[in-house]
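Asks: no FASTA, just this:
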């Protein structure tokens, strides 16, 4: 399983919306949104329409898996294989 955890605040709603539209499961708990998938997670910044400061703070809540890419265009988290 792979997951991305983001704060449950309006600034991250576009990221959550883009992830859900791409088939990820969203759950809320203790002020955080958890976005999960059985396989790799890819979120494209163009789909989330986020400014630099918010985009580059997207992973401050953490993630489960192996971070393959986190640049100005996309976030990609892979299953860790364990």
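Replies: Thanks, I have the structure now. Quick caveat: nothing in here was measured; it's all calculated off a predicted structure.
Asks: Report the contact partners of the residue nearest to residue 5 when sequence neighbours are not counted.
Replies: Leaving aside its sequence neighbours, residue 5 sits nearest to residue 61 (Cβ to Cβ, 6 or more residues apart in numbering; 3.6 Å). In this view, the C-beta of every residue, glycine as well, is placed from N, C-alpha and C. Contacts for residue 61 (Cβ atoms under 8 Å, 6 or more residues apart in numbering) come out as 4-7, 32.
Asks: Who are the packing partners of the helix ranked longest in the chain?
Replies: If you go by DSSP state H, the chain has its longest helix at helix 13-21. Packing partners of helix 13-21 (3 or more Cβ pairs under 8 Å, 6 or more residues apart in numbering; DSSP states H and E): strand 2-7, strand 25-29, strand 32-37, strand 41-44, helix 45-48.
Asks: Any chance of the ones you listed in CSV with mean neighbour count, distance to residue 78 and mean pLDDT as columns?
Replies: Putting the helices and strands packed on helix 13-21 into CSV (neighbours: other Cβ atoms under 10 Å; distance: least, Cβ to Cβ, whole Å; pLDDT from 0 to 100) gives the following:
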stretch, mean neighbour count, distance to residue 78, mean pLDDT
strand 2-7, 20, 7, 97
strand 25-29, 11, 17, 97
strand 32-37, 20, 10, 98
strand 41-44, 20, 8, 96
helix 45-48, 17, 18, 94
